[in-house]
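S.K.: can't give you the sequence, but here's the structure:
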């Protein structure tokens with residue numbers, strides 16, 4: 001059996017569509033949607049608030065009640081990576097616990113959390129929430145997983161860098177049990193150097209107005225990593241619908257579709273059904289983005305021609321040595337599933353555009369510290385001076 005958790009658009013008619021799909025696909029079930037408040041009191045999450053559905057407490061309560069009537073649960077995403085140490089102050093704890101009380105009273109029974117201190121705060125409260133461990137925690141091995149399991153975690157969402165490492169996946173399942181979940185439509189680069197800091201940015205922008213320069217900085221760096229060369233697209237953290245069978249064989253039965261920023265545009269139900277039926281004929285990049293084109297530069301990655309790509313990762317322990325300069329497997333396979341010439345043309349255009357359109361560089365170039373930020377005497381004594 002495969003269980004799916006999907007981003008909430010907070011529409012009753014979408015829940016009805018999930019019920020229809022559950023009746024159609026008996027071996028694959030939508031068991032849960034997830035999301036968070038964007039209006040009123042909000043402690044934040046792992047997503048920039050801009051572009052998310054506008055939901056207040058009354059909307060959320062009504063949605064939870066309707067979902068539960070249809071046997072679909074709701075998980076509240078409280079996975080902000082940093083809350084300015086508020087959980088270590090009396091006033092901060094009072095606010096957090098009042099918020100937990102409010103969530104419990106409107107029907108929330110499970111939370112996705114990324115901060116160990118917040119996990120302990122929830123455990124020390126009087127509310128019996130189930131806790132999902134966010135992918136933001138970067139669980140990459142069994143030791144990390146069991147440490148969180150001992151904290152009373154109900155389900156662990158693994159780091160997407162593990163999706164082609166079946167030996168490690170199985171070792172985690174063997175030690176923590178079957179409550180392991182993976183994100184199937186991730187477009188994150190494996191071992192991305194910006195990942196940790198990108199989550200800090202999205203968490204910071206999950207409350208109030210987003211900093212557009214920060215948003216663009218990380219999104220563009222992410223895209224440029226994907227487009228370093230044509231084979232990089234094969235190294236992202238995605239899982240094809242046809243390849244779910246390899247994950248169930250190592251004991252993973254929970255699958256998550258990400259994309260809370262996509263649900264207002266539609267496409268998430270269509271993307272979900274391809275995973276339920278484990279079949280998709282088209283551009284894999286469009287499926288991963290839930291058929292909502294975010295960028296002007298798109299390479300066509302033929303999903304059907306990726307058949308067999310994952311097989312050696314599954315069959316051979318340590319097939320990937322994380323040394324792309326010596327291994328040419330992805331590079332060789334890329335020519336089988338894309339038009340290399342067209343892909344390189346798109347990549348060149350993307351590199352030029354994002355190099356020219358660099359708001360962060362423009363901001364730095366616009367500063368003249370001598371004129372705009374006069375130094376105080378104590379700063380000069382401390383060594384903050386310009387040559």
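M.R.: Alright, I've got the coordinates. Remember, predicted model here, so these are calculated numbers, not experimental data. Numbers count the residues shown, from 1 in each chain.

S.K.: now the helices: where do they sit in the stretch 151-300 of the chain?
M.R.: Under the criterion DSSP state H, counting those that start in this stretch, the stretch 151-300 of the chain contains helices at 166-176, 195-204, 212-226, 244-249, 268-277, 284-288.

S.K.: want to try TSV for those helices, with mean pLDDT and mean neighbour count as columns?
M.R.: No exception for glycine: its C-beta is placed from N, CA and C like everyone else's. Formatted as TSV, the helices of the stretch 151-300 of the chain follow (pLDDT from 0 to 100; neighbours: other Cβ atoms under 10 Å):
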stretch	mean pLDDT	mean neighbour count
helix 166-176	96	18
helix 195-204	81	19
helix 212-226	81	17
helix 244-249	98	16
helix 268-277	96	20
helix 284-288	95	22
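
S.K.: Nearest to residue 11, out of those?
M.R.: Evaluated over these, closeness to residue 11 peaks at helix 268-277, with 10.3 Å, by Cβ to Cβ.

S.K.: For that closest one, name the packing helices and strands.
M.R.: Helix 268-277 sits against strand 2-7, helix 12-24, strand 28-35, with contacts defined as 3 or more Cβ pairs under 8 Å, 6 or more residues apart in numbering; DSSP states H and E.

S.K.: Contacts only, for residue 336.
M.R.: For residue 336, the contacting residues are residue 305, by Cβ atoms under 8 Å, 6 or more residues apart in numbering.

S.K.: if we can go back for a sec, how about JSON lines for the helices and strands packed on helix 268-277, with mean neighbour count added?
M.R.: Shown next, in JSON lines, are those (neighbours: other Cβ atoms under 10 Å):
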{"stretch": "strand 2-7", "mean neighbour count": "22"}
{"stretch": "helix 12-24", "mean neighbour count": "15"}
{"stretch": "strand 28-35", "mean neighbour count": "22"}
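
S.K.: Could you save these as JSON lines and add columns showing distance to residue 99?
M.R.: Listed next are those as JSON lines, based on distance: least, Cβ to Cβ, whole Å:
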{"stretch": "strand 2-7", "distance to residue 99": "21"}
{"stretch": "helix 12-24", "distance to residue 99": "25"}
{"stretch": "strand 28-35", "distance to residue 99": "16"}
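
S.K.: right, so of the ones you listed, which gets closest to residue 333?
M.R.: When the helices and strands packed on helix 268-277 are compared by Cβ to Cβ, strand 2-7 sits nearest residue 333, at 26.0 Å.

S.K.: if we can go back for a sec, export the helices of the stretch 151-300 of the chain to JSON lines and tack on distance to residue 347?
M.R.: Output for the helices of the stretch 151-300 of the chain, formatted as JSON lines (distance: least, Cβ to Cβ, whole Å):
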{"stretch": "helix 166-176", "distance to residue 347": "30"}
{"stretch": "helix 195-204", "distance to residue 347": "21"}
{"stretch": "helix 212-226", "distance to residue 347": "9"}
{"stretch": "helix 244-249", "distance to residue 347": "29"}
{"stretch": "helix 268-277", "distance to residue 347": "24"}
{"stretch": "helix 284-288", "distance to residue 347": "13"}
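
S.K.: how about these, which one is nearest residue 358?
M.R.: Across these, closest to residue 358 is helix 212-226 (Cβ to Cβ), at 7.6 Å.

S.K.: So which other helices or strands are in contact with that closest one?
M.R.: The contact analysis (3+ Cβ pairs under 8 Å, 6+ apart) places helix 212-226 against strand 185-189, helix 195-204, helix 340-356, helix 359-366.

S.K.: which of those sits most buried?
M.R.: Across the helices and strands packed on helix 212-226, the average number of neighbours (mean count of other Cβ atoms under 10 Å) peaks for strand 185-189, which reaches a mean of 22.

S.K.: lowest average confidence, helix or strand, in this protein?
M.R.: Within the chain, confidence by mean pLDDT, DSSP states H and E is lowest for helix 377-381 among all helices and strands, at a mean of 57.

S.K.: With residue 80 as the reference, name the closest of the helices and strands packed on helix 268-277.
M.R.: That would be, of those and by Cβ to Cβ, strand 28-35, which comes in at 13.9 Å.

S.K.: Could you check the angle the helix or strand immediately after the closest one in the chain makes with helix 12-24?
M.R.: Using DSSP states H and E, the helix or strand that follows strand 28-35 towards the C-terminus is helix 57-69. For helix 57-69 against helix 12-24, the angle by axes from the mean of the first three to the mean of the last three Cα atoms, to 10 degrees is 20 degrees.
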